[in-house]
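In: how would this look folded up:
(chains A and B)
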Amino acid sequence: MSRIALGAIRPCMEGAIPAVMATCAVDGTPNVAYISQVYYVDERHVALSFQFFNKTRQNILDNPHATVLVLHPVMAQFYRLHIRYLRTETAGPLFESMKAQLAGIASHTGMAGVFHLRGADVYEVQDIEPLEGKGLPAPPPRCDLLGAVRRCSERLTDATGLDGLLHVVLSTLSDTLDIRHAMVLMLDAGTQRLFTVASCGYAMSGVGSEIEMGDGVIGVAARERTPVRIMYMSNAYLYSRAIRSSMHVDAPELALQTDIPYPGLSEPHSQLAVPIVSAGRLLGVLFVESPSELRFGFEDEDALVAIAGHLGAAIDLVQAATESAEPVQAGAPPRISDGDSLQLRRYAINDSVFINDTYLIKGVAGAIFWKLIKDYMEAGRTEFSNRELRLDPSIRLPDVTDNLEARLLLLQRRLVEHSPHVRIEKTGRGRFRLLVSRPLQLTDISS
Amino acid sequence: MLDRGVSVIVSSCNASLRPSIMRAVGSAITADGRSITVYMARSQSRQLLQDVAATGRIAVVFSEPSTHLTVQVKASQARIRDAQAADEAVLQRYLQSMEREIALVGYGPPLVRAMLAHELDDVVAISFEPEQAFDQTPGPKAGAALPPTRSGSGA
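Out: Numbering: from 1, shown residues only, chains lettered A, B, ... in the order given. Next up is the predicted model:
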């Protein structure tokens, strides 16, 4: 047995150069075939793409021993993996991660209509054999990643609100990892959709835009709770704006234009989505993309998974801290607002709110906004707490673990982008203030 | 395709049904298309050479990287000999062809030269007459047996 760790040869398993695999029929006839994917599962296991019912497939079901030859794409060093077939997975995190990656490989190699993942064949790696050869020099080690994770971790521990946490993560990505296009989406547990709360590197922030569970790399990463990384442009995993804009209108009879365009690149050549999980619960997804091929390697994935882990824990801590704040008594009456009045319309059917006919927000964040506005109009209130929102039955938060901070941040950012005369500002942990600088006229349209 | 010099992967199998595998550093086919020779670096292929010597069995896959055109041939009476000075020209021609082929999929000559690097006195030649041939180009026909007449003529 060699002492090479499987992790040390992960560059050979990025799909850059196809691997080849030898198997043997029970009558002793050898068989050799190309294999699109040798996927690193963990230090003892790899998964190979099962695409076709061929001789390789027949052989490993009869005789589980196989030998795979891989090549380091930079050093040109060969390794033989002596492996034993264990099982085939046809659903779940491993399968979906491989399927997405294969879609990228397929379109890159002109095999988009041909390559199709039937299963992820999991093998135990019994030995790794480095071969003699005249390799090329090793690429310089990447020393930026661990330092970036460290700096991000340090800065996350200093942040006190969700806004600050997201800023730390996105600025770490752009400033220290040179990742120019990124977004954070949070899960709406009630609708099982992901909504964008922060982004960087796009013409439009896209805050409030929604993605279905299972849709594209972001939706698959969320549904399967696994990183999904594509190194080439793949039509199969593109977000189509045309389709999205007409889908899932909550109340078609009202023809409400409540879709916020997805902000992402129209032709991403590299994409990586990492689930944000805390205490076993999916909170959201951290997503990065690039117009260049092969932009995100396994090392970037490792770094983003670590960052997403810190972020998830920090989000939960911030959330817990904001829940303890006491309700706020009504403060001084609001300043008299002047100027043209704003027309606010709320459609009860989906809690969507329009300001002067411009769509602002819907759903839980829409219900929150309407409660704040009504309290302001009826009682002159401007000071609020997270806790009273949590307890308010009219808002119908999906469950006690729902990320209220994310809803408020979404509302706050939508107001900044679309209605400068109505704002929300934080006044402390779990407390905030509604600032209105114009007279308001409310219309409530019941279903 | 087989004559031109494309990717060549060679495998065999021992008595306990453990497969062996290595990339060839060269290949050649006789003018009549009946006999194929693949060249291996001995230091990279010890188990494979043992298995071929013991069983005579061999499976070889030829693939053109830019098109995925892929053919596998199998034989049961492969023979091994040391490479000689006369083989040098074949190996050089193969290297040049592979540099062109691999460049089409985006890799430069240094990688190809390192991948195929060998010393002539470490090279052995395995010759065989294919008994079976299979189209392994990815797609619905993958795995289909090719008629014997096509086996050596460049599918």
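In: what does chain B put close to chain A?
Out: B:9-13, B:15, B:17-23, B:41, B:43-44, B:51, B:55, B:57-61, B:63, B:68, B:70, B:72, B:74, B:107, B:110-111, B:114-115, B:117, B:134, B:136, B:138-139, B:142-143 (C-beta under 8 Å from any C-beta of the partner chain). Placement of C-beta: from N, CA and C, glycine included.
In: How many residues are close by the nearest residue to residue A:401 once chain neighbours are set aside?
Out: Leaving aside its sequence neighbours, residue A:401 sits nearest to residue A:281 (C-beta to C-beta, 6 or more residues apart in numbering or on different chains; 6.4 Å). Around residue A:281 there are 14 other residues, counting by other C-beta atoms under 10 Å in any protein chain shown.
In: cool, the one 3 residues further on as well?
Out: Here the neighbour count serves as a burial measure; for residue A:284 (other C-beta under 10 Å) it reads 30.
In: Okay, and which of the residues of chain B next to chain A map to strands?
Out: Secondary structure from DSSP state E places B:9-13, B:19-23, B:41, B:58-61, B:63, B:70, B:72, B:74, B:134 of these in strands.
In: coming back round to it: buried among the residues of chain B next to chain A? Need that as a selection in ChimeraX.
Out: A single ChimeraX command is used to select the members of those judged buried by 16 or more other C-beta atoms under 10 Å in any protein chain shown:
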select /B:9,10,11,12,13,17,18,19,20,21,22,23,41,44,51,55,57,58,59,60,61,63,68,70,72,74,107,111,114,115,117,134,136,138,142,143
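In: and the helix or strand bottoming out on mean pLDDT in chain B, how far out from the chain's middle?
Out: One helix or strand of chain B scores below all others by mean pLDDT, DSSP states H and E: strand B:144-145, with a mean of 85. In this view, strand B:144-145 has its centroid 19 Å away from the chain centroid, taken as C-alpha atoms, centre = their mean, to the nearest Å.
In: So which elements touch that strand?
Out: When contacts are defined as 3 or more C-beta pairs under 8 Å, 6 or more residues apart in numbering or on different chains; DSSP states H and E, strand B:144-145 sits against strand B:132-135.
In: mind listing what's buried in the strand it packs on?
Out: If you call a residue buried by 16+ other C-beta under 10 Å, then strand B:132-135 has these buried ones: B:133, B:134, B:135.
In: what does stretch A:272-292 give?
Out: A:272-278, A:282-290.
In: Between the two ends of that stretch, how far is it?
Out: 13 Å (C-alpha to C-alpha, to the nearest Å).
In: again with stretch A:14-31
Out: Note: stretch A:14-31 ends 24 Å apart using C-alpha to C-alpha.
In: That one close to chain B?
Out: Yes: contact of stretch A:14-31 with chain B (C-beta under 8 Å from any C-beta) involves A:17, A:20, A:21, A:22, A:23, A:24, A:26, A:28, A:29, A:30, A:31.
In: Quick check: buried residues in that stretch?
Out: So, applying 16+ other C-beta under 10 Å, buried residues of stretch A:14-31: A:14-25, A:28-31.
In: quick one: that stretch to chain centroid distance?
Out: 35 Å.
In: average model confidence for that stretch?
Out: Stretch A:14-31 shows a mean pLDDT of 93.
In: Next: stretch B:45-52.
Out: For stretch B:45-52, mean pLDDT rounds to 98.
In: to the chain's geometric centre, what's the distance from it?
Out: 14 Å.
In: how about the helices in chain B?
Out: Along chain B, the stretches classed as helices by DSSP state H are B:46-55, B:88-103, B:109-115.
In: Could you measure from the residue nearest to residue A:401 over to residue A:364?
Out: Remark: distance between residue A:281 and residue A:364 (C-beta to C-beta, to the nearest Å) = 17 Å.
In: picking that back up, can you pick out the most distant pair from the buried residues of stretch A:272-292?
Out: The largest separation in these, counting by C-beta to C-beta, is between A:278 and A:290 at 27.1 Å.
In: got the residues of the stretch 101-250 of chain A near chain B?
Out: Residues of the stretch 101-250 of chain A lying close to chain B by C-beta under 8 Å from any C-beta are A:109, A:110, A:111, A:114, A:115, A:131, A:132, A:133, A:134, A:135, A:136.
In: what about the fourth one, distance to residue B:52?
Out: Going from residue A:114 to residue B:52 by C-beta to C-beta gives 32 Å.
In: Quick check: which element contains residue A:411?
Out: If you go by DSSP states H and E, residue A:411 is part of helix A:404-418.
In: Can you list the strands that the helix or strand just after that helix pairs with?
Out: Using DSSP H and E, the next helix or strand after helix A:404-418 towards the C-terminus is strand A:422-428. Strand pairing for strand A:422-428, using DSSP bridges, gives strand A:431-436 (antiparallel).
In: Where does the stretch 101-250 of chain A get nearest to chain B, which residue?
Out: residue A:134 (3.9 Å; C-beta to the nearest C-beta).
In: Tell me the secondary structure at that residue.
Out: Using DSSP: H, G, I helix; E, B strand; the rest coil, the structure places residue A:134 in coil.
In: List just the nearest of the buried residues of strand B:132-135 to residue A:232.
Out: residue B:135 (26.1 Å).
In: could you pull out the helices for the stretch 51-200 of chain A?
Out: Assigned by DSSP state H, counting those that start in this stretch, the stretch 51-200 of chain A shows helices spanning A:55-62, A:93-108, A:144-158, A:162-176.
In: From the residues of the stretch 101-250 of chain A next to chain B, list the buried ones, please.
Out: Applying 16+ other C-beta under 10 Å to these flags A:109, A:111, A:114, A:115, A:131, A:133, A:135, A:136 as buried.
In: Residue A:383 contacts residue A:431, doesn't it?
Out: Yes: using C-beta atoms under 8 Å, residue A:383 makes contact with residue A:431 at a distance of 7.1 Å.
In: Could you list the low-confidence segments of chain A?
Out: A:1-2, A:240-256, A:324-336, A:447 (pLDDT under 70).
In: actually chain B, sorry about that
Out: For chain B, the ranges with pLDDT under 70 are B:140, B:148-155.
In: let's go with 90 and repeat that
Out: B:1-5, B:33, B:65-68, B:105-106, B:136-155 (pLDDT under 90).
In: picking that back up, could you find which two of the residues of stretch A:14-31 next to chain B are furthest from each other?
Out: Distance extremes for the residues of stretch A:14-31 next to chain B: the farthest pair is A:17 and A:26 at 30.7 Å, using C-beta to C-beta.
In: picking that back up, wait, which of the residues of stretch A:14-31 next to chain B is closest to residue A:297?
Out: Nearest to residue A:297 among the residues of stretch A:14-31 next to chain B, counting by C-beta to C-beta, is residue A:17 at 14.3 Å.
In: Not including adjacent chain positions, what is the nearest residue to residue A:80?
Out: Closest to residue A:80 by C-beta to C-beta, 6+ apart is residue A:129, at 4.2 Å.
In: Can you give me every residue that contacts the one you found?
Out: A:2, A:79, A:80, A:81, A:82 (C-beta atoms under 8 Å, 6 or more residues apart in numbering or on different chains).
In: Equivalent analysis for residue B:143, please.
Out: Counting by C-beta under 8 Å, 6+ apart, residue B:143 makes contact with A:52, A:53, A:54, A:55, B:134, B:135, B:136.
In: Point me to the residue of the stretch 301-447 of chain A nearest chain B.
Out: Using C-beta to the nearest C-beta, the closest approach of the stretch 301-447 of chain A to chain B is made by residue A:301 at 22.4 Å.
In: What helix or strand is that residue located in?
Out: helix A:298-323.
In: Whichever helix or strand comes after that helix relative to strand A:422-428, how many degrees between them?
Out: Once the chain leaves helix A:298-323, the next helix or strand it forms, by DSSP H and E, is strand A:342-347. Put simply, strand A:342-347 runs at 80 degrees to strand A:422-428, going by axes from the mean of the first three to the mean of the last three C-alpha atoms, to 10 degrees.
In: Look at residue A:304 and say how many residues are nearby.
Out: Residue A:304: 28 neighbours (other C-beta under 10 Å).
In: typo on my end, it should be residue A:445
Out: Using other C-beta under 10 Å, residue A:445 has 12 neighbouring residues.
In: Also residue A:180?
Out: If you count neighbours by other C-beta under 10 Å, residue A:180 ends up with 16.
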